[in-house]
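[1] sequence-free structure coming up:
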Ligand code: NCD
């Protein structure tokens with residue numbers, strides 16, 4: 001592979017506190033040099049990517065996505081999901097185990113890893129189940145899953161309903177050092193609900209899912225994290241009440257991390273008006289007040305990271321009546337563009353946004369993968385290059401994902417991924433990006 005020089009870009013790497021215009025050289029798949037432009041002129045034969053006016057940052061990491069393989073390949077595959085990731089600027093994605101069969105055994109984890117190695121264009125790191133079959137009755141073989149290489153455990157899509165089982169899982173997380181990624185939902189309270197419970201659900205005549213359905217489980221699991229000292233990671237936080245609970249827990253020193261999705265940060269329940277099934281997601285889109293609390297929580301460090309919860313479904317799945325359509329939004333390809341709205345409105349500093357998508361998720365993933373989320377010299381070259389101000393219109397027809405289920409189709413976003421480099425390989429580039437060859441200088 002010819003060395004690649006990324007020239008004139010504005011580098012933001014929160015892992016090293018870098019925030020300046022620098023050139024970056026990639027050699028044999030690794031970051032080999034970072035420096036000022038003058039020195040660059042003596043660099044050897046390489047391809048050059050002109051990044052003037054662009055932001056260059058560590059490859060984005062998504063701790064929570066659904067790749068559907070094995071079992072639901074009509075919705076997504078590891079190949080298409082990883083291409084969608086590349087198109088969205090993600091170089092590492094962690095896939096949830098609600099497949100068929102679920103990822104609750106070494107064999108299924110090996111299967112995902114082998115397909116990912118053959119067909120994936122970015123790193124794909126599997127998450128194993130908490131319980132066998134994801135049915136919440138008996139713990140999965142957590143040790144075996146750890147040796148097969150999972151980066152955490154989750155029954156996502158389902159909560160771990162039994163407090164006793166959750167306690168055991170958190171005990172195990174202390175031994176393995178891997179987080180329990182918690183889908184917080186009291187299903188007895190949420191059952192039958194189709195959207196956020198409130199004025200809009202009443203007006204639409206749709207059964208609601210109250211904020212309390214999430215908060216009850218958040219409170220329970222924070223108590224269990226305190227009891228066990230286990231590693232708890234709260235998935236897709238969607239309510240102000242959850243932010244308050246996590247803030248209090250962190251103040252008490254409880255070991256907990258949390259994530260929020262781009263859609264919960266930027267879209268309200270009003271998107272459901274018109275019975276738009278592409279806005280039907282779990283947890284549901286909430287209110288402006290929740291968005292404000294989530295944004296505040298993210299900025300203040302109560303919420304550690306942003307994760308997409310990319311949940312692709314077929315058009316046929318989403319075409320049905322509102323009550324029957326499955327929950328989920330296809331999110332990998334719109335994540336950065338929609339999140340940049342928080343930067344443009346002045347609500348979130350750009351460096352904080354990048355940290356929440358790179359260095360912070362890298363910290364949650366086990367030390368074994370400690371080389372992710374950084375542009376440190378010697379680390380695998382996972383790099384994302386984006387234009388902070390370029391406007392574009394979301395068009396599901398050019399999605400790499402099979403999941404076209406987004407309420408953002410046709411929306412104009414400001415901030416566009418221009419190139420994605422995974423382990424030194426250019427896995428996505430915008431049509432406007434051209435590589436130029438640089439001949440060796442002075443022999
Ligand atoms: C997820 C899916 O489709 O797998 N859907 C979603 O709306 N987030 C599962 C889930 O968490 O319900």
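    Right, received. Where do you want to start? Everything numeric in this text was worked out from a predicted model, so none of it was measured. Residues are numbered from 1 along each chain as shown.
[2] what comes up buried for the longest helix along the chain?
    In the chain, with assignment by DSSP state H, the single longest helix is helix 211-228. Buried residues in helix 211-228, counted by 16 or more other Cβ atoms under 10 Å: 211, 213-222, 224-226, 228. The way it works is simple: take the backbone N, C-alpha and C, and place the C-beta from them, glycine included.
[3] cool, stretch 373-381 as well?
    373-375, 379-381.
[4] Now for the residue lying closest to residue 32 once chain neighbours are set aside: which residues touch it?
    Of all residues beyond its chain neighbours, the one nearest residue 32 is residue 25 (5.1 Å), with distances taken as Cβ to Cβ, 6 or more residues apart in numbering. Counting by Cβ atoms under 8 Å, 6 or more residues apart in numbering, residue 25 touches 3-6, 31-34, 43, 46.
[5] Highest neighbour count among these?
    residue 6 (26 neighbours; other Cβ atoms under 10 Å).
[6] and the gap between whichever residue of the stretch 1-150 of the chain sits closest to the ligand and residue 205?
    Closest contact between the stretch 1-150 of the chain and the ligand, by Cβ to the nearest ligand atom, is at residue 66 (4.4 Å). Here the criterion is Cβ to Cβ, to the nearest Å. By it, residue 66 lies 29 Å from residue 205.
[7] circling back to that earlier point, hmm, the longest helix of the chain in reach of the ligand?
    No. Using Cβ under 6 Å from any ligand atom, we find that helix 211-228 stays clear of the ligand, coming within 11.5 Å at best.
[8] Can you tell me the strand partners of the helix or strand following that helix and which way each runs?
    Next along the chain after helix 211-228, taking DSSP states H and E as the criterion, comes strand 232-234. Using DSSP bridges, strand 232-234 pairs in its sheet with strand 180-182 (parallel), strand 256-260 (parallel).
[9] For the very next helix or strand once past strand 232-234, name the packing helices and strands.
    Next in sequence after strand 232-234, counting helices and strands by DSSP H and E, comes helix 240-251. Judged by 3 or more Cβ pairs under 8 Å, 6 or more residues apart in numbering; DSSP states H and E, the packing partners of helix 240-251 are helix 211-228, strand 256-260, helix 288-300.
[10] tilt between the first one and helix 288-300?
    Our comparison of helix 211-228 with helix 288-300, counting by axes from the mean of the first three to the mean of the last three Cα atoms, to 10 degrees, yields an angle of 30 degrees.
[11] between helix 211-228 and helix 240-251, how big is the angle?
    Counting by the same axes, to 10 degrees, helix 211-228 lies at 10 degrees to helix 240-251.
[12] that older thread, pLDDT score assigned to the residue nearest to residue 32?
    pLDDT for residue 25: 97.
[13] Then residue 38?
    Residue 38 is given a pLDDT of 61.
[14] again, but for residue 370
    For residue 370, the pLDDT comes out at 62.
[15] ditto for residue 438
    77.
[16] what does the stretch 51-200 of the chain put close to the ligand?
    Counting by Cβ under 6 Å from any ligand atom, the stretch 51-200 of the chain comes close to the ligand at 66, 98, 156-157, 183.
[17] Quick one: the strands in the stretch 51-200 of the chain, in order.
    For the stretch 51-200 of the chain, applying DSSP state E, counting those that start in this stretch gives strands covering 55-58, 60-65, 90-95, 123-126, 180-182, 195-196.
[18] Give me the average confidence score over the fifth one.
    In this model, strand 180-182 has a mean pLDDT of 98.
[19] Just the residues contacting it, thanks.
    By Cβ under 8 Å, 6+ apart, the residues outside strand 180-182 that reach it are 63-64, 127, 130, 152-154, 156, 159-160, 166, 169-170, 173, 217, 221, 230-235.
[20] neighbours around residue 97, how many?
    Counted with other Cβ under 10 Å, residues neighbouring residue 97 total 28.
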